[in-house]
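Participant: Give the three-dimensional model of this entry:
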Amino acid sequence: MREGGAASAPFFFMNRHIDALYGGFVASLPAVLRPLASELPYTLGFAPTPGLSWGQVFSHEVTLEAPGLIAEAFPRANGELTRRAILGHALSVIEAFTTDRLEDSQVRSTPELLELLEHVRTARDNTIEQVLPGAARMVRDADRVTRQAIRQERELLGRLGAASFDDYTRISLAKQAVGFPASVAFVQAAGATASQVEEVRRALSGIWLGLQFEDDTVDWEDDWRRGHGAWAVSLARRRLEAVKEQRSEERPTEPDLIRRRVFSMRVLYLMLRAARHQYRVAWRYCRVARLERLALWAEQRVVRLDRLLPLEERHAGYVVRARKLAPWAAEVLS
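Facilitator: A predicted model of the protein is given here:
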């Protein structure tokens, strides 16, 4: 999964449960692994300094506590079931983050980190199995789907392949597979009907895709500089091919040329518009499923993009520049 709820995002909800639940997981570990587990947000690069918790890294609940925002629609869900679902979901996401960082060589693989990762997987499976017997298999299946999608993404972006928005949506949704099992198991255990389960799935799909599309938009230059490729570049290539403006003498890896192509093809605007569409989808299904807090969250994301989209349409690259200037503005204008 993408770190879409990172602290640089606008505030909506504060994490209420995850630090205590993750603290309980850390306390269950062998003593030698507890310091590494406590500092995992920093080790993985999500926290700028040691000592920050998962709840401080992610400024709203949806990334790590999705089942907790779903519980309001299911009165049969007691507190213990909800806590287990939240922990199972959070460990699923943390496992995916850690595996992704390791496979992409963004963090150094050590015996201690690999051992910790095995403990995360075991605790995740056991916790979700307590939510709904048999659900651990659903989690492991989601792991495989996510990893396959990440490898497919790396292969496509690594060779600078052209991609359509259909390709982008399909691969992005597969990458988010680990974000569903805990919530699905939770609502099934709470007595959800088949139609309610599908409503929750569709609401979460809109949320995960919206966050993914937003992050890929504002982070595309950073991704490109790190040598990972960027969806904005591949989407721009496909649009260039469609309008037959590709020139053989242009060097596709030249940074200024890449930036001009991305801006001239308006892909950042289109990616943000796609994110807005996904948040609207999430809002509609949240309303149907009576997930009022998630509906409010999705509505706020739509309102935010309604402000950004005209600016990005008039000034290509606005959202990237605005994000880079945000820390300066916060310090100078506060």
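
Participant: Does residue 177 touch residue 148 like I think?
Facilitator: No - when contacts are counted by CB atoms under 8 Å, residue 177 is not listed as touching residue 148 (9.2 Å). Using the backbone N, CA and C atoms, a C-beta is placed for each residue, glycine as well.

Participant: Neighbour count: those two, which is higher?
Facilitator: Neighbours of residue 177 and residue 148, each counted by other CB atoms under 10 Å, are more numerous for residue 177; the result is 23 against 14.

Participant: Report the contact partners of that one.
Facilitator: By CB atoms under 8 Å, 6 or more residues apart in numbering, residue 177 lies in contact with 141, 142, 143, 145, 146, 149.

Participant: Name the helix or strand for the first one, please.
Facilitator: Assigned by DSSP states H and E, residue 141 belongs to helix 135-158.

Participant: For that helix, name the packing helices and strands.
Facilitator: With contacts taken as 3 or more CB pairs under 8 Å, 6 or more residues apart in numbering; DSSP states H and E, helix 135-158 sits against helix 79-103, helix 111-131, helix 165-175, helix 181-189, helix 231-243.

Participant: Out of these, which one sits most buried?
Facilitator: Comparing those by mean neighbour count (mean count of other CB atoms under 10 Å), helix 181-189 comes out on top with a mean of 26.

Participant: Show me how far the very next helix or strand once past that one is from its chain's centre.
Facilitator: Later in the chain than helix 181-189, the nearest helix or strand by DSSP H and E is helix 194-218. Distance of helix 194-218 from the chain centroid (CA atoms, centre = their mean, to the nearest Å) equals 10 Å.

Participant: Also compute the angle for helix 194-218 relative to helix 231-243, please.
Facilitator: Calculated by axes from the mean of the first three to the mean of the last three CA atoms, to 10 degrees, helix 194-218 forms an angle of 90 degrees with helix 231-243.

Participant: where in the stretch 151-300 of the chain is pLDDT low?
Facilitator: Low-confidence segments of the stretch 151-300 of the chain (pLDDT under 70): 244-255.

Participant: and if we set it to 80?
Facilitator: Where the stretch 151-300 of the chain drops to pLDDT under 80, the residues are 228, 242-256.

Participant: need the contact list for residue 116.
Facilitator: The neighbours of residue 116, taking CB under 8 Å, 6+ apart as the test, are 29, 33, 36, 37, 40.

Participant: Am I right that the third one is in a helix?
Facilitator: Yes - using DSSP: H, G, I helix; E, B strand; the rest coil, the secondary structure at residue 36 is a helix.

Participant: That one is in contact with residue 113, isn't it?
Facilitator: Yes - taking CB under 8 Å as the definition, residue 36 is a contact partner of residue 113 at 6.7 Å.

Participant: Give me the common contacts of these two.
Facilitator: Shared contacts of residue 36 and residue 113, counting by CB under 8 Å, 6+ apart, come down to residue 43.

Participant: next helix or strand past the helix or strand harbouring residue 278?
Facilitator: In the assignment (DSSP H and E), residue 278 maps to helix 267-289. Downstream of helix 267-289, the first helix or strand assigned by DSSP H and E is helix 292-314.

Participant: how about that next one: buried residues?
Facilitator: For helix 292-314, the neighbour count (16 or more other CB atoms under 10 Å) marks 293-295, 297-302, 304-305, 308-309, 312 as buried.

Participant: which strands and helices sit next to that helix?
Facilitator: Secondary-structure packing of helix 292-314 (3+ CB pairs under 8 Å, 6+ apart): helix 62-70, helix 194-218, helix 267-289, helix 318-333.

Participant: that older thread, quick one, the helix holding residue 141 and helix 165-175 angle?
Facilitator: 140 degrees.

Participant: And helix 135-158, what's buried?
Facilitator: Neighbour counts over helix 135-158 (16+ other CB under 10 Å) mark 135-136, 138-139, 142-143, 145-147, 149-150, 153, 156-157 as buried.

Participant: could you give the angle of that helix to helix 79-103?
Facilitator: Orientation note: helix 135-158 sits at an angle of 30 degrees relative to helix 79-103 (the same axes, to 10 degrees).

Participant: Adjust the sequence numbering to begin at 572 for everything that follows.
Facilitator: Okay, residue one is now 572; in that scheme the one you just asked about reads as helix 706-729.

Participant: what angle separates helix 706-729 from helix 752-760?
Facilitator: Going by the same axes, to 10 degrees, helix 706-729 makes 150 degrees with helix 752-760.

Participant: Done for today, thanks.
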